[in-house]
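> Everything below, folded, please.
(chains A, B, C and D)
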There are 2 protein chains.
Amino acid sequence: MSYIKELSQVSLFTQVPPGEIQELLLCTRAICKNYKKDEFIIEEGELVANFGIMLSGAGRTMKWDASGRQIIITLLEKGSMIGVMLAAKEGHKSPLAVQATEDSTVMEIPFNRVIACCEKNCPRHEKLLRNYINVLAEKGLELHERINCLLEPTVRDKIMTYLRRVSRRQNNATFTIPLSRNTMAEYLNIERSALSRELSRMKKDGIIDYHRNSFRIAQG
Amino acid sequence: MSYIKELSQVSLFTQVPPGEIQELLLCTRAICKNYKKDEFIIEEGELVANFGIMLSGAGRTMKWDASGRQIIITLLEKGSMIGVMLAAKEGHKSPLAVQATEDSTVMEIPFNRVIACCEKNCPRHEKLLRNYINVLAEKGLELHERINCLLEPTVRDKIMTYLRRVSRRQNNATFTIPLSRNTMAEYLNIERSALSRELSRMKKDGIIDYHRNSFRIAQG
DNA sequence: AAAAAATTGTTGCCTGTGCAACAAAATATT
DNA sequence: AATATTTTGTTGCACAGGCAACAATTTTTT
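Down below sits the predicted model:
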């Protein structure tokens, strides 16, 4: 079963003609692996040389904190990339575990087959590497943006920082957020109830308006 | 004035023989720029195509938050790399500003001269790219680690997460931290006084011991 | 060595927000 | 359409930690 159509949607293959993806997969020695529900794709402390692309199923990245409490860091869905940073940093042990939450199929690609100028010197190879670097940089920039929210001192400031960013990205004072209240609270590292409470205060104060996932920031 | 010796210390040139650095600089069209104190090296919103290496002087990256408050994100010193993620992500506007805090010299290199397989196909070029990717990935992983601290619910948990990491990295239950109380508090996004208060509570509770920057974590 | 400056520690006060428990609204299921 | 389930909103309470103000210690400067 071929996943070319799915892969062509993944940012790693941006601007790579679908017809040439197959060749790249061979060239980079990509392999498909199946994981049962609850099985680990990457274990904590493991040395990671391959990155992965979720072809089907779902998963999550998680770790255990100081007090043994389990923390979900990200959710993985079809098309998500796994271990992008880890595979790019040579000889680095994984600080987190990746687990399938359903039966899943993952395409795994050795990172050193992406950087190595392949013998055939195929023209798409360079594009693949360029895309990989883009993904890598983007992941980093996203972390930065989350930190920007986390650093804000109050719940209100955290919310505003997040909303402003989404608004800016959609180029509109009226916009839709992709997160549920629960997920948004987790992202901002605040209580869900505190999030709801502050949102309604902000509405009362007239700085934002919203209904469900539709928001509008008032101009000041 | 040549900076080869300084450059050979920078992680970007790891495992590149100092004698070959000069050639790489030519090949990548590196240029040196001088900045006066307080001058901006990168302005907010600017499109960044080059990354930089601080050869002399000092600087800082900063941004303005929701309420116009200025926030220092990182401090730059001799050898620091500037705009690594930004240059790697094509067509991305800088979310932050970089400013010289003293008269400084910065070596600036167009990122596309690092990825492009150079015409001469010089063997070190590939190593340069590999190093760049390592730096990029490492920056991302560092952000992750900071987020791990920031996500912890209490001041004590934040501190422990940080200390455990330093301890692990130095492979020793007794270790030295590189941050002052002030910087540590900023890194963990807590009050300096709250940090001191909690540190002494933790000492009283017998889970850590410390004097100044020397720490020891008790085994449990 | 004295004085000044910077770093670190201490403590009382008070507010923001985590927590819990429940209500209301929206969505999914039968 | 009725029921069950999930998502979102509301509110009282308690306390962790921000803030401010000051003390103690270490480092730097003269």
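> so where is chain A shaky, pLDDT-wise?
A:1, A:66-68, A:117-122, A:220 (pLDDT under 70).
> near DNA strand D, which residues of it?
For chain A, the residues in contact with DNA strand D (Cβ under 7 Å from any atom of the strand) are A:153, A:180-182, A:192-193, A:196-197, A:199-200, A:210, A:212-213. For the C-beta atoms, the positions are set from N, CA and C on the backbone; glycine is no exception.
> Now do the phi/psi pair for the residue nearest to residue A:20 when sequence neighbours are not counted.
In space, and not counting its chain neighbours, residue A:20 is closest to residue A:124: 5.1 Å by Cβ to Cβ, 6 or more residues apart in numbering or on different chains. Dihedral pair for residue A:124: phi -80, psi -20, per degrees, to the nearest 10.
> Equivalent analysis for residue A:61, please.
Torsion angles, degrees, to the nearest 10, at residue A:61: phi -110, psi 140.
> I figured it hits residue A:97, correct?
Yes - contact criterion Cβ atoms under 8 Å: residue A:61 and residue A:97 qualify, at 7.1 Å.
> Spit out the contact partners of residue A:148.
Shown in contact with residue A:148 (Cβ atoms under 8 Å, 6 or more residues apart in numbering or on different chains): A:161, A:165, B:63, B:65, B:95.
> how does it look with 6 Å?
With contacts defined as Cβ atoms under 6 Å, 6 or more residues apart in numbering or on different chains, residue A:148 is in contact with residue A:161.
> from the residues of chain A next to DNA strand D, which are also near DNA strand C?
Residues of those in contact with DNA strand C (Cβ under 7 Å from any atom of the strand): A:153, A:193, A:212.
> Give me the neighbour count for the second one.
The local packing count at residue A:193 equals 10, with neighbours defined by other Cβ atoms under 10 Å in any protein chain shown.
> Ok, the last one next?
For residue A:212, the count of nearby residues is 9 (other Cβ under 10 Å).
> next one: phi and psi at it?
phi 50, psi -120.
> Could you report the separation of it from residue B:192?
Noted for residue A:212: a distance of 41 Å to residue B:192, by Cβ to Cβ, to the nearest Å.
> What ranges does chain A have for its strands?
A:31-35, A:40-42, A:50-56, A:59-64, A:70-76, A:81-82, A:97-100, A:104-110, A:174-176, A:208-211, A:214-217 (DSSP state E).
> mind putting the ones you listed in TSV, mean neighbour count included?
Output for the strands of chain A, formatted as TSV (neighbours: other Cβ atoms under 10 Å in any protein chain shown):
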stretch	mean neighbour count
strand A:31-35	15
strand A:40-42	19
strand A:50-56	22
strand A:59-64	18
strand A:70-76	14
strand A:81-82	21
strand A:97-100	22
strand A:104-110	21
strand A:174-176	13
strand A:208-211	14
strand A:214-217	16
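> Same list, these, but as TSV with distance to residue B:109 please.
Shown next, in TSV, are the strands of chain A (distance: least, Cβ to Cβ, whole Å):
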stretch	distance to residue B:109
strand A:31-35	36
strand A:40-42	33
strand A:50-56	26
strand A:59-64	33
strand A:70-76	32
strand A:81-82	27
strand A:97-100	34
strand A:104-110	28
strand A:174-176	37
strand A:208-211	43
strand A:214-217	39
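> For residue A:116, give me its contacts.
Per Cβ under 6 Å, 6+ apart, neighbours of residue A:116: none.
> List the beta-bridge partners for the nearest residue to residue A:80 once chain neighbours are set aside.
In this structure, residue A:80 finds its nearest non-sequential neighbour in residue A:54, 4.6 Å apart by Cβ to Cβ, 6+ apart. With DSSP bridges applied, residue A:54 shows beta-bridge pairing to residue A:106.
> mind giving me the domain split of chain A?
A:4-141, A:152-217 (automatic domain parsing).
> what two of the residues of chain A next to DNA strand D are the furthest from one another?
Within those, two members stand farthest from each other by Cβ to Cβ: A:153 and A:212, at 27.4 Å.
> Helices of chain A, start to end?
Secondary structure of chain A (DSSP state H): helices at A:4-9, A:18-27, A:84-88, A:112-115, A:123-151, A:155-169, A:181-188, A:192-204.
> out of those helices, deepest packed?
helix A:84-88 (a mean of 25; mean count of other Cβ atoms under 10 Å in any protein chain shown).
> Point out the other helices and strands that that helix packs with.
Helix A:84-88 is packed against strand A:50-56, helix A:123-151, helix B:123-151, with contacts defined by 3 or more Cβ pairs under 6 Å, 6 or more residues apart in numbering or on different chains; DSSP states H and E.
> now do 10 Å
strand A:50-56, strand A:104-110, helix A:112-115, helix A:123-151, helix B:123-151 (3 or more Cβ pairs under 10 Å, 6 or more residues apart in numbering or on different chains; DSSP states H and E).
> Check whether residue A:216 really touches residue A:173, as I assumed.
Yes - using Cβ atoms under 10 Å, residue A:216 is in contact with residue A:173, at 5.8 Å.
> which residues are in contact with both of those two?
A:167, A:208 (Cβ atoms under 10 Å, 6 or more residues apart in numbering or on different chains).
> picking up where we left off before, among the ones next to DNA strand C among the residues of chain A next to DNA strand D, which one sits closest to residue A:143?
residue A:153 (19.8 Å).
> For the closest one, what are phi and psi?
phi -70, psi -40.
> How many residues are close by it?
11.
> isn't it right next to residue B:189, touching?
Yes - between residue A:153 and residue B:189 there is a contact under Cβ under 10 Å: 8.4 Å.
> which residues does residue A:209 bridge with?
Going by DSSP bridges, residue A:209 forms beta bridges with residue A:216.
> Show the contacting residues for it.
Applying Cβ under 10 Å, 6+ apart to residue A:209 gives the contacts A:174, A:202-203, A:215-218.
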